[in-house]
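> compute the structure for the input listed below.
(one chain, ligands or ions: 1)
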Amino acid sequence: TPLRRKVDLDGWWDFVIDSDDQGEQARYFSDFPFDESRHTTVPGVWETQAGYEDYQGVAWYRKEFEAPWMGPCLITFGAVAYIAKVWLNGEYLGEHEGSFTAFRFIGNLSLDVNDLVVRVDNRHSDETLPKETADWYHYGGISRSVVCEEIDDAYIEQVHVVGRLDGQVDVRATIVNGSDREQDLELALSVPDAEATARTVTLGPGVRVVEELRVRIDEPQWWSPADPVLYEAIVTLGEDMFVERFGLREVRTDGPQILLNGEPIWLRGVNRHEDHPDWGFALPERIMLKDIDIILSLNCNAVRGSHYPNHPTFLDLCDENGLLFFAEIPGWQYSAHQLSHSPTKDLLGVMLQEMVAQQYNHPSIIIWSLHNESETDVSREPDLDVRTATEELFALARSLDDTRLITYVSHRYWRDKHFDLADIVCLNEYIGWYVDEIDGADFPAYLERMAEMVPDKPILITEFGAGGIPGYHSMAARKWSEEHQSTHIIAQIEAMRRSANVAGCFVWQYCDVLANPKAAIRRPRAMNNKGLVDEYRRPKLAFHDVAEMFEILAEEDDWEEE
Ligand code: ADA
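Residues are numbered from 1 along each chain as shown. Here you go, the predicted structure:
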């Protein structure tokens, strides 16, 4: 939105812990306790500050700012972990639940100093998304950027772009008339190498409408890992302008193959948490870029954002560097009850809608995943109707986006009851690490049995791997050594390549991450040590061996493509 006046609200904020959770009653939103507060930085998580490393609870943030305009403004939070309640100049604007999706409120700016106050609560439970025992650290804070924008009476709220291989570009612009009078405004779309289109729209008072626009690009250039060509769509409504990047690409399946732009592709991926010892969830962009470069040096062509919607800048970097992205909402090991009952069942739908609405235009995203390792071996039991809940969630996903593959990730192997609903079958399997076999099957036999179960769909091994303590070496390649980790991963990939039904894999995991403290007894260093690099992105033996293996596979597959 390049034409809107903005105030960047990143930087220093006032900060105070509210361990007794009495701040709302004490009206911190209009009477901030400066005598107890200190400064902190936004974006950020409070666990990276001395003394707050393990604080789970409520904290308050306050930002004082001036703006070069007064009246209506749009305040957008990139993400707040986990629940946010927001006040502007003492007026309550609303609340949001969920640590990984953006949200925004319309407020009113006064001409002089403005007071933005946020109550943040990072406590999780069996009724949150993710649940408290999910296997990563639940940081707290305003973890992504905050911006305040000026908006006119009538403005563009959202622009979704579908770029097709024949050059046709379909745009859906959601526009709002916030005023109480009818307005006639010009709505226009321009895309390079295409003839622009424009028309006058009549907006009744207070309406929100979706307008469709279409142009056709001459000599269309497709987006692909090898050649990630990006275009810009410029949508204007009167004085307002949206600029959205997009790509011309198509993803679909053909039997057990995934086709990108009509060509079979085998995914060489890693699972990446957004985590770093110095920044928690709130990675600075230079670390995102470092991760992209390291993942490219692994000869990957894909990343799974395990297990939640990733920062939009990381997705932009995937778009620019041709890394395919597997996006997921954090329904991590949800029980049959959580899948089929409120509030968790509803939270899955809300966060799915937010993720798809906000990340729709990224050509790198080819897959939406609804949950991970949940009780999908339950179908219909008394008061546990997982089947209906799963059908509804898939129907919602398809209604939101019919251009991508929809799936969920399972570790229930041949006991799973819902693979028929998924476009691709995604399996996590740690045979050789947590267990030596399943029902007598080693990993190759497991792959064969899964291929027999779902012969007509692509299988992705969305997680596999082993722990490798950085610096621990063993001539006998004992478990937890770097030697064992590497040998195990390479053997698993070789087995996958012998199965015609496996269309790719994602190593668990890219980097070591801070584990959920409740799992620490099973996590040396209180970390999940299955990274190919450690938490500071220093390579382990497996990093080099996987990079070499993926380079061989890329040459094999690219040769096939040519
Ligand atoms: C599961 C889960 C991951 C991680 C992994 C592990 O597959 O999906 O989030 O917990 O196990 O390291 O055990």
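
> may I see the buried residues of the strand or helix carrying Val176?
Using DSSP states H and E, Val176 sits within strand 168-177. By neighbour count on 16 or more other C-beta atoms under 10 Å, the buried set for strand 168-177 is Val169, Val171, Ala173, Ile175, Val176, Asn177. C-betas here are computed from N, CA, C, even on glycine.

> pretty sure the last one contacts Gln183?
Yes - taking C-beta atoms under 8 Å as the contact criterion, Asn177 and Gln183 are neighbours in contact, 5.7 Å apart.

> give me the common contacts of these two.
Common neighbours of Asn177 and Gln183 (criterion: C-beta atoms under 8 Å, 6 or more residues apart in numbering): Asp153, Ala154, Leu203.

> and the pLDDT for the residue nearest to the first one when sequence neighbours are not counted?
The shortest distance from Asp153 to any non-neighbouring residue, by C-beta to C-beta, 6 or more residues apart in numbering, is to Ser179 (3.6 Å). Ser179 is assigned a predicted lDDT (pLDDT) of 95.

> what's around Ser179, how many residues?
14 (other C-beta atoms under 10 Å).

> give me the nearest residue to the closest residue to the ligand within the chain, chain neighbours excluded.
For the chain, the residue closest to the ligand is Asp135, as judged by C-beta to the nearest ligand atom, at 3.5 Å. Excluding its sequence neighbours, the residue lying closest to Asp135 (C-beta to C-beta, 6+ apart) is Asn516, at 5.3 Å.

> related to what we said a few turns ago, give the partner strands of the strand holding Val176 in its sheet and their orientations.
Here strand 168-177 has these sheet partners by DSSP bridges: strand 154-163 (antiparallel), strand 208-216 (antiparallel).

> need the next SSE after it, C-terminal direction.
Per DSSP H and E, the first helix or strand lying C-terminal to strand 168-177 is strand 183-190.

> any idea of the mean pLDDT for the helix or strand that comes right after that following strand?
Going down the chain from strand 183-190, the next helix or strand is strand 197-203, by DSSP H and E. Per-residue pLDDT values across strand 197-203 average out to 98.

> packing partners of strand 197-203?
Packing partners of strand 197-203 (3 or more C-beta pairs under 8 Å, 6 or more residues apart in numbering; DSSP states H and E): strand 168-177, strand 183-190, strand 208-216.

> before we move on, the earlier item: so what's the residue nearest to Asp135 up against?
Thr133, Ala134, Asp135, Trp136, Tyr137, His138.

> isn't the fourth one right next to Leu514, touching?
Just to be clear, that refers to Trp136. Yes - in this structure, Trp136 is within contact of Leu514 by C-beta under 8 Å, at 7.2 Å.

> follow-up on the earlier one: single out the most deeply packed of the strands paired with strand 168-177.
Mean neighbours per residue, mean count of other C-beta atoms under 10 Å, is largest over the strands paired with strand 168-177 for strand 154-163, with a mean of 21.

> strand 183-190 and that one, what's the angle between them?
Going by axes from the mean of the first three to the mean of the last three C-alpha atoms, to 10 degrees, strand 154-163 is angled at 30 degrees with respect to strand 183-190.

> quick check: closest non-adjacent residue to Arg208.
Nearest to Arg208 is Val176, by C-beta to C-beta, 6+ apart, at 4.9 Å.

> contacting residues around the one you found?
Per C-beta under 8 Å, 6+ apart, neighbours of Val176: Ala154, Tyr155, Ile156, Glu157, Val207, Arg208.

> ok, which residues in the protein are in contact with the ligand?
By C-beta under 6 Å from any ligand atom, the residues of the chain that approach the ligand are Asp135, Ser306, His307, Asn372, Glu373, Asn428, Glu463, Trp508, Asn528, Lys530.

> quick one on the thing from earlier: which of the contacts of Asn516 sit farthest apart?
Greatest spatial distance among those (C-beta to C-beta): Thr133 and Tyr137, at 12.1 Å.

> helices of the stretch 251-400 of the chain, start to end?
Ranges of helices in the stretch 251-400 of the chain, per DSSP state H, counting those that start in this stretch, are 285-297, 312-321, 336-340, 344-359, 386-400.

> list the buried residues for the third one?
In this case it means helix 336-340. Here helix 336-340 shows Ala336, Gln338, Leu339, Ser340 as buried, counting by 16+ other C-beta under 10 Å.

> what of the last one?
Taking 16+ other C-beta under 10 Å as the neighbour-count basis, helix 386-400 is seen to contain the buried residues Val386, Arg387, Ala389, Thr390, Leu393, Phe394, Leu396, Ala397, Leu400.

> that one to helix 344-359, inter-axis angle?
Using the same axes, to 10 degrees: helix 386-400 against helix 344-359 is 20 degrees.

> so how far is helix 386-400 from its chain's centroid?
With C-alpha atoms, centre = their mean, to the nearest Å as the basis, helix 386-400 stands 19 Å off its chain's centre.

> what's it packed up against?
Partner elements for helix 386-400 (3+ C-beta pairs under 8 Å, 6+ apart): helix 336-340, helix 344-359, strand 365-372, strand 380-381, strand 405-410.
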